[in-house]
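[1] could you look at this predicted model? Sequence included:
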Protein chains: 2
Amino acid sequence: MYNERAYRLGSKRSTIREIFEYAKARSEQIGAENVFDFSIGNPSVPAPDKVNETIRRLTEEIPSVALHGYTSAQGDKEVREKIAQNYTKRFGVPLSGDDLYMTCGAAASLTITLRALRCEGDEFIVFAPYFPEYAVFVAGAGAKLTVLQSDPDTLLPDFEALEKALTPRVKGVIINSPNNPSGVVYGEETIKMLSALLGRKSKEYGAPIYLISDEPYRELVYDKGTKVPSVMAYYENSIVCYSYSKSLSTPGERIGYIAVNPKATDAKAVYFAVCGAGRELGYVCAPALFQRMAAECDGMTADLSVYKRNRDLLYNGLKECGFTCVYPDGAFYLFMKSPEADGQAFCERAKKYELLLVNGADFGADGWVRIAYCVQTERIEKALPLFKELAKEYGLGQGL
Amino acid sequence: MYNERAYRLGSKRSTIREIFEYAKARSEQIGAENVFDFSIGNPSVPAPDKVNETIRRLTEEIPSVALHGYTSAQGDKEVREKIAQNYTKRFGVPLSGDDLYMTCGAAASLTITLRALRCEGDEFIVFAPYFPEYAVFVAGAGAKLTVLQSDPDTLLPDFEALEKALTPRVKGVIINSPNNPSGVVYGEETIKMLSALLGRKSKEYGAPIYLISDEPYRELVYDKGTKVPSVMAYYENSIVCYSYSKSLSTPGERIGYIAVNPKATDAKAVYFAVCGAGRELGYVCAPALFQRMAAECDGMTADLSVYKRNRDLLYNGLKECGFTCVYPDGAFYLFMKSPEADGQAFCERAKKYELLLVNGADFGADGWVRIAYCVQTERIEKALPLFKELAKEYGLGQGL
């Protein structure tokens, strides 16, 4: 009587949502100050003042019919040109407004891109750990998702595994750097190796294998030396899926874009397919006011110093406790090895200390947990002694 | 290498877009004041002042992280409750916030609803003339679209044809009242007859046939006696797809909702399927700021008096010229019979008078044309003498 897959997707609460509900109930029992919810990846710092200032100014300056009217389906022309120019200036990649398609955020960028590319029998590759909605979006596009494990120490791609998996059925590889859930950034070296391998295989099969770069955390890096390279500078058949949700702390407003590399094979046709996929999915245009706001605030970020402080405090604190963590270059997540093989059992034990973590298995990486540090710094300060107690249960950090 | 269907959808300009481009080029040649573009269905009156006032106030009153943060996927709880209460007050239909799912406008409402309902082999019925994107949305959901002709005089459903078409494969009937492109409103009598027939057939087949009511023009009616009934008051297995685009003159901002009749068979499961379909299509949540704006402005409308004045002027004027039109109760379109069998030939002849109309064939109704009267009144005043000349070519209005 209704679509069973849609029903399952809509009725099954995600693990993170389960934890969120648990945190709420538990807070009522013992007080919110005693519950340490590290499960949710929501920006915890306000948007730059310019976001609200721009919104208010636009409502005063632009006549209503023009301001709130439809833009073209791919987005307002001036908006696209401005963002493309900024991109070129920042990454040295020639990009024009006609290579950009404004979207309702990163999820829309991905669902549209996948449907634009997908042909019968196609397969897309991701590296674990990966954002679990990729599985939903790939299935929704009618394609197969292949999950590859990453290098267990660095959480960078395992190139041997990738080479083996790159059959002629693979239409694209999805990367997400800085990564949710690991915080790992794919540096220039990694992007170069990926590009070389995908280029070689594309040539071998006589058909492009696309590199789809999901970049909502692009600006969230904390060390001077950390650069998030533009995939478009290294690989022609590449598509960037961007969102302003994390950089501008506006996740509820749903604004982002797709950039199709103008050097891609049949780039214009791929761009048209993006337009067509957006149309079929019901995306008439991205919210017009937020398109204009994004163009004016493009390149700005919310105050990221809180995330950096949190990252340093948490990473160093957990290492001191004796836990094994991958150094998170960016995003606002830390990925930590579970000291027992069963990540869920570890999460349950952490819960006894009121520490709410997410099992890595939810991201395709059992034996790990994700800790979202987009919280008040004080929460991390108070949580560290509890992590120390938890570590002791596993005999960690005894020598310190 | 890419999705061919998406490419075709993205690369093929719609007829209306073609006319729009023609109008632009022609305006440069002979001056915009001499070109009469009646092709585009864009609201031409400003949003109520409260829209911008509310947007500005919200940015000042609600802290950034809460204002611009994710809402729940189905929409902010308070927003949904407020809109549901208004709906109940206005239509006498008991509705709670948990029956509402906030969307990025009417197109999203429809794509989500169709995917939520669609099972293998399903079919959806529409009545011509119909909004042509329905064909895109139904195909995108993987279902078959069946187009039925309406009664040729009233453009109301042909119930005999409908009864014949209602096989067990039909999952739903999509109606659109006030109608784009005809302006016709389905009154209480029509809704009652539809409900009775769908109810009888649902019972016969032992499975609900849904009535999907696409209502972006719900508030755009111009005569005291004209009422747009709520389908939920008459038929249990009904789903309302709404958008604020036309009522608030904010089509670019993409805000609307889906209301699942709480009395529908397995209403909760259908609602979950809506949530799941939205998730799969990449709709994380509807724009948060506009959700709150919509809740505050729900029930208001832009100044509709211009549309009414235009409607009266155009309808009476065209009748005087000798054209045959269906009286448009609502929306901002007028559907006129082409005086020659080939609607396109008529549009071409109108073009010689700089009158730009849309061929009814684009809406599944050959032999008609659509005239969008959401323009400056002065445009209609100046166009009427040209329509008169055009009518004379067909020997119309000679007796007047």
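    That came through fine. Remember, it's a predicted structure, so these values are computed and weren't measured experimentally.
[2] please list the residues of the stretch 151-300 of chain A that sit near chain B.
    A:207-208, A:249-254, A:265-266, A:269-290 (Cβ under 8 Å from any Cβ of the partner chain). C-beta coordinates here come from the backbone N, C-alpha and C atoms, glycine included.
[3] got the buried residues for the one helix or strand in chain A whose mean pLDDT sits lowest?
    When the helices and strands of chain A are compared on mean pLDDT, DSSP states H and E, helix A:15-30 comes out lowest with a mean of 89. Neighbour counts over helix A:15-30 (16 or more other Cβ atoms under 10 Å in any protein chain shown) mark A:15-16, A:19-20, A:23, A:26 as buried.
[4] if we can go back for a sec, so which of the residues of the stretch 151-300 of chain A next to chain B are in helices?
    Among these, the ones falling in helices (DSSP state H) are A:269-280, A:288-290.
[5] tell me where chain A has helices.
    Along chain A, the stretches classed as helices by DSSP H are A:4-11, A:15-30, A:49-61, A:64-67, A:77-91, A:105-117, A:133-140, A:159-165, A:188-205, A:267-280, A:288-297, A:305-321, A:343-351, A:377-393.
[6] got the angle for the last one vs helix A:343-351?
    So that's helix A:377-393. Helix A:377-393 and helix A:343-351 are oriented at 110 degrees to each other (axes from the mean of the first three to the mean of the last three Cα atoms, to 10 degrees).
[7] if we can go back for a sec, ok, so of the buried residues of helix A:15-30, who is nearest chain B?
    Nearest to chain B out of the buried residues of helix A:15-30 is residue A:20 (Cβ to the nearest Cβ; 10.2 Å).
[8] do I have it right that that closest one meets residue A:41?
    No: counting by Cβ atoms under 8 Å, residue A:20 stays clear of residue A:41, with 11.2 Å between them.
[9] anything in contact with each of these two?
    Common neighbours of residue A:20 and residue A:41 are not found (criterion: Cβ atoms under 8 Å, 6 or more residues apart in numbering or on different chains).
[10] check contacts around the residue of the stretch 101-250 of chain A found nearest chain B.
    Nearest residue of the stretch 101-250 of chain A to chain B (Cβ to the nearest Cβ) works out as residue A:111 at 3.3 Å. Contact analysis of residue A:111 by Cβ under 8 Å, 6+ apart lists A:137, A:140-141, A:277, A:281, B:280-282.
[11] residue A:8 too?
    Residue A:8 sits in contact with residue B:276, where contact means Cβ under 8 Å, 6+ apart.
[12] next one: the one 3 residues further on
    For residue A:11, the residues meeting the contact criterion (Cβ under 8 Å, 6+ apart) are B:269, B:272, B:275-276.
[13] narrow these to just the buried residues.
    By neighbour count, with 16+ other Cβ under 10 Å, the contacts of residue A:11 hold B:269, B:272, B:275-276 as buried.
[14] ok, which of those residues also contact chain A?
    Among the buried ones among the contacts of residue A:11, proximity to chain A is found for B:269, B:272, B:275-276 (Cβ under 8 Å from any Cβ).
[15] between those, which is nearest residue A:386?
    Lowest distance from residue A:386 to those (Cβ to Cβ) belongs to residue B:275, with 35.0 Å.
[16] okay, now the residue of the stretch 301-400 of chain A found nearest chain B: neighbour count?
    Nearest to chain B in the stretch 301-400 of chain A, going by Cβ to the nearest Cβ, is residue A:302, at a distance of 8.6 Å. For residue A:302, the number of neighbouring residues by other Cβ atoms under 10 Å in any protein chain shown comes to 23.
[17] that one reaches residue A:245, doesn't it?
    No: Residue A:302 is beyond contact range of residue A:245, at 10.6 Å (criterion: Cβ under 8 Å).
[18] need the overlap of contacts for these two.
    Joint contacts of residue A:302 and residue A:245 (Cβ under 8 Å, 6+ apart) are residue A:43.
[19] let's see the distance spanning stretch A:230-243 from one end to the other.
    Stretch A:230-243 stretches 15 Å from its first residue to its last (Cα to Cα, to the nearest Å).
[20] pull out the buried residues from that stretch.
    A:230-232, A:234-243.
[21] and the two most separated of those?
    Across the buried residues of stretch A:230-243 (Cβ to Cβ), the longest gap, 23.4 Å, separates A:236 and A:243.
[22] rewinding a little: list just the nearest of the ones next to chain A among the buried ones among the contacts of residue A:11 to residue B:222.
    Residue B:222 lies nearest to residue B:275 out of these, by Cβ to Cβ, at 36.5 Å.
[23] would you map out the domains in chain A?
    A:4-47+A:303-393, A:49-297 (automatic domain parsing).
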